[in-house]
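> sequence and predicted model, in that order:
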Amino acid sequence: MTFDSADPPTLAAFWKTALGYVDAEPPAGFADWPAFFRHHDVPADEWGDVAYLADPTGAGPRISFLKVPEPKVAKNRIHLDLQAGGGRGVPWEVRAPRVRAAVERLVAAGARVLREDEVDGRLDHVVLADPEGNEFCAV
């Protein structure tokens, strides 16, 4: 999975917090990312143009963040749902406080709330934007 980004290290830091991910290890055979970049003749001033995250359990996808010159201009056609509440099988009285706690944590990390959506008068999910405006939901 890859995010286009104006500032890959900053956006990666947000998603590392949001997802509980870690910085990805460099490819096999390289002690660190600078060694990998040097091997591939990437100029030092471009090393911050990428960032890589990995799920520490190995279950989730790796995520890349690549610098692009153009800004985000429209709604995402795909987005992530962070399953903060435990799913719709969890009673609303348990799920809603979990979602609200996750939203507080995400806002503290740099997200902003776009809207709260309700079903039958109860909180169902919250639509947020990451620091570069990419939409995602806390469900």
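Great, that's in hand.

> how's this structure carved up into domains?
As given by automatic domain parsing, the domain ranges for the chain are 2-67, 80-138.

> ok, residues contacting the helix or strand hosting Glu93?
Assigned by DSSP states H and E, Glu93 belongs to helix 92-109. Helix 92-109 is contacted from outside by 14, 17-18, 82, 84-88, 90, 111, 113, 122-123, 125-126, 128, 138-139, using C-beta atoms under 8 Å, 6 or more residues apart in numbering. All C-beta atoms are positioned from the backbone trio N, CA, C, and that covers glycine.

> partner strands of the helix or strand just after it, with direction?
The helix or strand immediately downstream of helix 92-109 is strand 112-119, counting by DSSP H and E. Strand pairing for strand 112-119, determined by DSSP bridges: strand 122-129 (antiparallel).

> buried ones in the next helix or strand after the strand it pairs with?
The first helix or strand that comes after strand 122-129 along the chain, using DSSP H and E, is strand 135-138. For strand 135-138, burial by neighbour count (16 or more other C-beta atoms under 10 Å) applies to 136-138.
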